[in-house]
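Q: Quick one, fold the following:
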Amino acid sequence: MPTERQIAANKINAQKSTGPKTPEGKAKSRLNHYSHGFAAATILAPEEDVNELGLLLAELTCEYKPMTATEQILIEKMVHNQWLSLRAFRLQGEAFLGQTLAGDSFAVPQNLGLLIRYHSTAERNFHKAHNELVKTQRERKKSEIGFEPQNTWQPPEPVPDPLPQMPMEYKINPDFTYLSPEKAAKAAVLAKAA
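A: Below you'll find the predicted structure:
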């Protein structure tokens, strides 16, 4: 339990360290716990080039030519996930290089599993967004040309009953109970005896 004197000293010391004051200091301290950037709010890591990201966006936009906001969003998702996939691949290489430079070239880097997971997640999300984009564009093009899906499936005609209707006297009696072969043999012996 802290004493009154310790609490007062703590309050005095806390006034000395209130965090960064300048915009540059705040920008630098924002990256204090930055490790790989996969869960960061920003898409660019400090060492990445914004021009390369812009080029990737421009290339995919030229390739898919989005016509709606939804298509543009799906292209941006593709860009984001491709960027994360490339980052994960680059960091995997850097992790192996770090192990090699440390003199342990046959060891597996400690964070390799995490980087592989981020890489595969980004790849999967890229392909999911790509498939959604292709499907959306296909549907848009169909609606533009007035495509109406034709219902070519028709229900089958009812099949006539292959068994002819039995005459009334041959209908099965609902009160009939089935006898096993053993019980039927016993009943036959009893009927002969009677």
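
Q: Quick check, central residue of the chain?
A: With distances taken as C-alpha atoms, centre = their mean, residue 125 lies nearest the centre of the chain, 6.2 Å away.

Q: OK, contacts around the closest residue to that residue other than its chain neighbours?
A: With C-beta to C-beta, 6 or more residues apart in numbering as the criterion, residue 125 has its nearest non-adjacent residue at 4.3 Å, and that residue is residue 81. Glycine gets a C-beta too; all of them are placed from N, C-alpha and C. Residues counted as contacts of residue 81 (C-beta atoms under 8 Å, 6 or more residues apart in numbering) are 122-123, 125-126, 129.

Q: Out of those residues, which comes closest to residue 44?
A: Distance to residue 44 across those (C-beta to C-beta) is lowest for residue 122, with 15.0 Å.

Q: residues of the strand or helix carrying the closest one that come out buried?
A: Assigned by DSSP states H and E, residue 122 belongs to helix 112-144. Within helix 112-144, the residues that count as buried by 16 or more other C-beta atoms under 10 Å are 114-115, 118-119, 122-123, 125-126, 129-130, 132-133, 136-137.

Q: now these in CSV, with pLDDT and distance to residue 155?
A: CSV is the format used below for those (pLDDT from 0 to 100; distance: C-beta to C-beta, whole Å):
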residue, pLDDT, distance to residue 155
114, 86, 55
115, 88, 55
118, 89, 51
119, 92, 50
122, 93, 47
123, 96, 44
125, 96, 41
126, 97, 42
129, 97, 39
130, 97, 38
132, 97, 33
133, 96, 36
136, 95, 32
137, 94, 34
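
Q: Looking at the contacts of residue 81, which one is closest to residue 97?
A: Using C-beta to C-beta, these come closest to residue 97 at residue 122, 21.0 Å.

Q: distance between the ends of stretch 13-27?
A: Stretch 13-27 stretches 24 Å from its first residue to its last (C-alpha to C-alpha, to the nearest Å).

Q: Fine by me, thanks again.
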